[in-house]
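*Asks:* Here is my input, please return the structure:
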Amino acid sequence: MIGVIVLSAVLVAMIVVFGWFYFYSRTIAWGQSDTRKALLNVMVMIGPIFGSHYRREPPEIPSISAPGPEDEDDRPARISPPGPSG
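*Replies:* Now for the predicted structure:
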C-alpha cells in the first residue's frame, strides 16, 4: 500500500513539474537563458548517436548589386476605357 502512495506522489509531482515547465518554456526568460542554450548544445552533440542530425541552413551567398538606371518614362500613362473585349 505504501508503494502505491509513493508512486502516486511521484506521478503527481512529475505532472506538476511538467506543467510548470511547459508554461515557463514559453516565456522570454527561458528563450534567452543560458540553461536553454546549454541544453540545445547537448542535444546537438548527443542527437547523432540516436540518428537525429542537426543541419544548419547554408549561409546566403553575399551579393553586391547597384541600383538600376533611373529611366523615368516621360510618356503619359495610357488607360483604356472598360469595354467589351472581343
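
*Asks:* any idea of the mean pLDDT in the one helix or strand residue 36 maps to?
*Replies:* Here residue 36, judged by DSSP states H and E, is contained in helix 34-46. Helix 34-46 comes out with an average pLDDT of 87.

*Asks:* Need the CA coordinates for it. PDB is fine.
*Replies:* Output of helix 34-46 as PDB, limited to C-alpha atoms (Å, rounded to 0.1, in the frame of the first residue of the first chain):
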ATOM      1  CA  ASP A  34      21.900  30.100 -20.700                       C
ATOM      2  CA  THR A  35      20.300  26.900 -19.500                       C
ATOM      3  CA  ARG A  36      18.300  26.600 -22.700                       C
ATOM      4  CA  LYS A  37      21.400  27.300 -24.800                       C
ATOM      5  CA  ALA A  38      23.400  24.600 -22.900                       C
ATOM      6  CA  LEU A  39      20.600  22.000 -23.300                       C
ATOM      7  CA  LEU A  40      20.300  22.800 -27.000                       C
ATOM      8  CA  ASN A  41      24.100  22.300 -27.400                       C
ATOM      9  CA  VAL A  42      23.900  19.000 -25.500                       C
ATOM     10  CA  MET A  43      21.100  17.800 -27.800                       C
ATOM     11  CA  VAL A  44      23.000  18.800 -30.900                       C
ATOM     12  CA  MET A  45      26.000  16.700 -29.600                       C
ATOM     13  CA  ILE A  46      24.100  13.700 -28.400                       C
END
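
*Asks:* Outside of that helix itself, list whatever touches it.
*Replies:* For helix 34-46, contacts defined as Cβ atoms under 8 Å, 6 or more residues apart in numbering pick out 30, 54. All C-beta atoms are positioned from the backbone trio N, CA, C, and that covers glycine.

*Asks:* From residue 45, how far off is residue 28?
*Replies:* 26 Å (Cβ to Cβ, to the nearest Å).

*Asks:* With neighbour numbers in mind, choose between those two.
*Replies:* residue 45 (10 against 7; other Cβ atoms under 10 Å).

*Asks:* Give me the pLDDT for the residue nearest to the spatial centre of the chain.
*Replies:* What sits nearest the mean C-alpha location of the chain, by Cα atoms, centre = their mean, is residue 31, with 11.3 Å. Here, the pLDDT recorded for residue 31 equals 83.
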